[in-house]
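>>> Provided below are the primary sequence and the corresponding predicted coordinates.
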Amino acid sequence: QVQLVESGGGLVQAGGSLRLSCAASGRAFSDYVLAWFRQAPGKERGYVAGINRSADSTYYADSVKGRFTINRDNAKDTVYLEMNNLKPEDTAVYYCAADNQGGTSEAYWDYWGQGTQVTVSS
């Protein structure tokens, strides 16, 4: 098993940037594929970005392509989400997730963090 703890959320103006971190503990971090999801009020949790074990493949939802970057540091057991040019519609609770295979649906992911709030003001 792996335990995940997110940090780095906060309040930012539109056009600003934030960097989220997700620290893992437990089973070997490099065994997992990782992802970020988000859930806005009244909406389902949706896929934002994913990264494979060796960090040489990344995947993004269309809504964040060109603005968000996912990366991981296996030596530090941490995955990051760099968010630039933030928009009010990016406001949500952001979750990191880990799994042996993953996918774009939350149903595929076994391990979740508690979430961190990101609020973008207009």
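Done, it's in.
>>> Kindly list the main-chain dihedrals of A107?
The phi/psi pair for A107 (degrees, to the nearest 10) reads phi -60, psi -20.
>>> what about A35, how many neighbours?
A35: 26 surrounding residues under other C-beta atoms under 10 Å. C-beta coordinates here come from the backbone N, C-alpha and C atoms, glycine included.
>>> which ones are touching it?
Going by C-beta atoms under 8 Å, 6 or more residues apart in numbering, A35 touches 47-51, 70, 96-99, 102, 109.
>>> For it, give me phi and psi.
A35 adopts backbone torsions of phi -150, psi 160, taken as degrees, to the nearest 10.
>>> still on that earlier bit, just the contacts of A35: which are in strands?
Applying DSSP state E to the contacts of A35, the entries found in strands are 47-51, 70, 96-99.
>>> Can you lay out the residues you listed as JSON lines showing pLDDT?
Shown next, in JSON lines, are the ones in strands among the contacts of A35 (pLDDT from 0 to 100):
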{"residue": "Y47", "pLDDT": "98"}
{"residue": "V48", "pLDDT": "98"}
{"residue": "A49", "pLDDT": "98"}
{"residue": "G50", "pLDDT": "98"}
{"residue": "I51", "pLDDT": "98"}
{"residue": "I70", "pLDDT": "98"}
{"residue": "C96", "pLDDT": "98"}
{"residue": "A97", "pLDDT": "98"}
{"residue": "A98", "pLDDT": "97"}
{"residue": "D99", "pLDDT": "95"}
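>>> who are the neighbours in contact with V79?
Per C-beta under 8 Å, 6+ apart, neighbours of V79: 21-22, 24, 34, 36, 51, 70-73, 96.
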